[in-house]
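Undergrad: okay, predicted coordinates and the sequence, questions at the end:
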Amino acid sequence: MDEGVRQLAEVFSRTVQPDRELIKAAEEHLKSISQQPGYGIAVLEVIAVGDALGSDVRLAAAVNFKNLVKYRWVPTEIAQESGTQPIPDDEKARIKQLLTGLMLSTPSLIRAQLSEALTIISNHDFPQAWPQLLPELVERLNAAGDDLNVITGVCHTANSIFKRYRDQWRNDAMVAELAQVQETFVPNALKTTKALVAMLPAAATGDQERLKQLLGIARLLCRIYFSLASPGLTPLLADQLDDWMDAFHTLLSFNHAGIAAIDAAEPDREGVLDALKTAVCANINLLLEVEDEDFEKYVQTFTQDVWHTLMQVTSRQGQDHLAMAAMRFLTTVARSVYHKLFADPAVLKQICEGIILPNLRVRDEDEEVFEMNPIEYIRRDIEGGDSDTRRRSAADLVKALTEVYEAQVTAMFTGYVAALLAEHAADPVKGWRAKDCAVYLVMAVTVKGKTGEKGATTTNRLVNINDFFTQQVLPELQDPNVNERPILKADALKFVTTFRSQLPTATLVALLPPCIALLGSEHVVVHSYAATAIERFLALREGGKFRLAKSDVLPVAQPLLNGLFSAFKHPDSAENEYLMRAVMRLISFLGSEMLPVAPLCLQVGCCQYPCTEPVSLHRASIPAQS
């Protein structure tokens, strides 16, 4: 080992010691030498030393290298003004010579850091300033033979590079670049994919670790295909479509009891086979969205494949991505010209009972998020972040089916809702999950169009919203025990917030006191939803005028402010943005009519957020009504 490399490795070894002072000194030393010429090459040489250094030291060096590339490959103008120097061109050239080969020979954790660095470099340099990259990868792939470690490294590297083509607008320059890239890499990728598929039957009866590695490579190849097909099929990919679809069909149909047992033992972790099938579902969904005519002859086969896959999916978290990807494909089918595949009432019944209802039901994991991470729960549920949940995917499938078979689907789901409510009525304590599912299902079937300003603007007229509200939602809101059945209370608040434009003004006014009472809930989600409902009621307009009058709100203004400021005292709501929005909306809504309760705002606000200078009421400005 070169003496300079040995000394640098020693510095990195000190960054992983338990002594904080030693770590700090080592990091300061690395910072002081990181601007020196050749530093990036030296760090790569430390990583290349091998296991003699220990994986933690090499990983520390890999993270350092990634950050070096991030900040110095092409420094921002502000960074250069503060003294950051770009890596010299000759050093960049040497780094590019070393990096690809190093990625192919390092363990997965180190490879992941180098992969991020390579992605940064390729975003700046590929293909114009790094034309030798793909030919080198192809050469290594063809020479790999049965060496799965090398194949994994090549595919991991290619996947990092090709992510740049996802979500790109199609233009002439990009099409020309993509065609050149595909011509170089895709034939070899397809050859490798077909070889892996052919190896699966024998691998299924052999060593499970080798099988898992094969499945991992297949997933990387699927992600590569997704990246290269995202802008649309080029003539090359169109010509190869039969071969790729045969491979995807085989991969999606592949099952292995041993792998399934290993995955089931770790229910929160996504298994390698599930990850592969998720990637296949993403690919076929992409093709149906962007190339539906070319994909037509495969639709029925893959619909059946996805259906069978979903029938085998359990409720464990590790299969969430697969469940969502599979339901997303069925949703795309339902919204396409191929929706007739679901026209048979027996088929719709199987979809509802076997796919939609199981994935709409709240799970123990969801309840845990509600209690332990309320902000994440809110993000998923009302902030539009639940695109990454099973419930949203199932609800989207409901909406898609309702769009094409409204009367049939509505009648069917009405029966399911009645059954769920009967299950709840039979045992309200243990059956609360059934009512939660019923509320979610009603909302999915009913909402046809919505905006952030008004909530649901277009609804399914076959559903009587007011009856459901009166019989099922209002009792939850009027329950004097604000801390019981918190998820059902959150559901009820979400319901009235969503359908606020459809409810009569008198109903909105009557809902203010129960919503104010729910501000006193000890559950962060409940008092946040209550604040959100109040804020949206106050902001609701019709014909350019507010639906609620000041005279409707003034009688409850003081208890409303009391409730909002009291909710701030909850340990997890001291800086709750939903409560603050409601406070500001109330001030804006009432305008000068806030003066009678302004002292309360100042008194409670000063207690909650003490200030060092006195506040003059005469200098306090009341926001104008917006």
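TA: Happy to help now that I have it.
Undergrad: which stretches of this protein have low pLDDT?
TA: The model of the chain has pLDDT under 70 over residues 1, 383-387, 597-598, 600-626.
Undergrad: quick one, what contacts the residue positioned nearest the centre of it?
TA: The residue lying closest to the centre of the chain (Cα atoms, centre = their mean) is Asp388, at 4.3 Å. Residues near Asp388 by Cβ atoms under 8 Å, 6 or more residues apart in numbering: 324, 380. C-beta here means a position set from N, CA and C on the backbone, and glycine is covered the same way.
Undergrad: how far out from the middle of the chain is stretch 201-210?
TA: Between the centre of stretch 201-210 and the centre of its chain there are 33 Å (Cα atoms, centre = their mean, to the nearest Å).
Undergrad: now the end-to-end length of that stretch.
TA: End-to-end distance for stretch 201-210, by Cα to Cα, to the nearest Å: 12 Å.
Undergrad: list the buried residues of it.
TA: Of all the residues in stretch 201-210, those buried under the rule 16 or more other Cβ atoms under 10 Å are 203-204.
Undergrad: next: stretch 41-50.
TA: 41-49.
Undergrad: same check, this time on stretch 119-136
TA: Of the residues in stretch 119-136, those buried (16+ other Cβ under 10 Å) are 119-122, 125-126, 130, 133-134, 136.
Undergrad: same check, this time on stretch 452-462
TA: 454-456, 459-460.
Undergrad: tabulate those residues (a markdown table), appending distance to Leu214.
TA: Below are the buried residues of stretch 452-462 laid out as a markdown table (distance: Cβ to Cβ, whole Å):
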| residue | distance to Leu214 |
| --- | --- |
| Lys454 | 52 |
| Gly455 | 49 |
| Ala456 | 48 |
| Thr459 | 50 |
| Asn460 | 47 |
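Undergrad: closest one of those residues to Thr470?
TA: Thr459 (16.1 Å; Cβ to Cβ).
Undergrad: what's near enough to touch the closest one?
TA: 446-448, 465, 499, 502.
Undergrad: among these, which are located in helices?
TA: Cross-referencing the contacts of Thr459 against helices under DSSP state H gives 446, 465.
Undergrad: rewinding a little: and of the buried residues of stretch 452-462, the nearest to Gln478?
TA: Gly455 (21.0 Å).
Undergrad: what's across from the closest one in the sheet?
TA: For Gly455, the beta-bridge partners under DSSP bridges are Thr451.
Undergrad: list the residues that contact the closest residue in space to Val404 that isn't next to it in sequence.
TA: Spatial nearest neighbour of Val404, chain neighbours left out: His339 (4.7 Å); criterion: Cβ to Cβ, 6 or more residues apart in numbering. Contact partners of His339, counting by Cβ under 8 Å, 6+ apart, are 333, 400, 404.
Undergrad: could these go into JSON lines alongside distance to Asp246, neighbour count and secondary structure?
TA: Compiled in JSON lines, these are given as follows (distance: Cβ to Cβ, whole Å; neighbours: other Cβ atoms under 10 Å; DSSP: H, G, I helix; E, B strand; the rest coil):
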{"residue": "Val333", "distance to Asp246": "20", "neighbour count": "24", "secondary structure": "helix"}
{"residue": "Ala400", "distance to Asp246": "28", "neighbour count": "21", "secondary structure": "helix"}
{"residue": "Val404", "distance to Asp246": "30", "neighbour count": "15", "secondary structure": "helix"}
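Undergrad: export the residues you listed to TSV and tack on distance to Arg94?
TA: Shown next, in TSV, are the contacts of His339 (distance: Cβ to Cβ, whole Å):
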residue	distance to Arg94
Val333	51
Ala400	53
Val404	59
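Undergrad: send over stretch 77-86 as CSV, restricted to the C-alpha atoms.
TA: These are the backbone C-alpha positions of stretch 77-86, laid out as CSV (Å, rounded to 0.1, in the frame of the first residue of the first chain):
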residue,chain,number,x,y,z
GLU,A,77,-21.2,29.7,-8.2
ILE,A,78,-21.8,30.5,-4.5
ALA,A,79,-19.5,27.6,-3.5
GLN,A,80,-16.7,28.8,-5.7
GLU,A,81,-17.1,32.3,-4.3
SER,A,82,-16.6,30.8,-0.8
GLY,A,83,-13.4,29.1,-2.0
THR,A,84,-14.5,25.7,-3.2
GLN,A,85,-12.3,24.6,-6.2
PRO,A,86,-13.6,22.3,-8.9
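Undergrad: next helix or strand past the biggest helix by length in the chain?
TA: The helix that spans the most residues within the chain, counting by DSSP H, is helix 172-203. Using DSSP states H and E, the next helix or strand after helix 172-203 towards the C-terminus is helix 208-229.
Undergrad: now that next one: how far from the chain's centre is it?
TA: That offset, for helix 208-229, works out to 21 Å (Cα atoms, centre = their mean).
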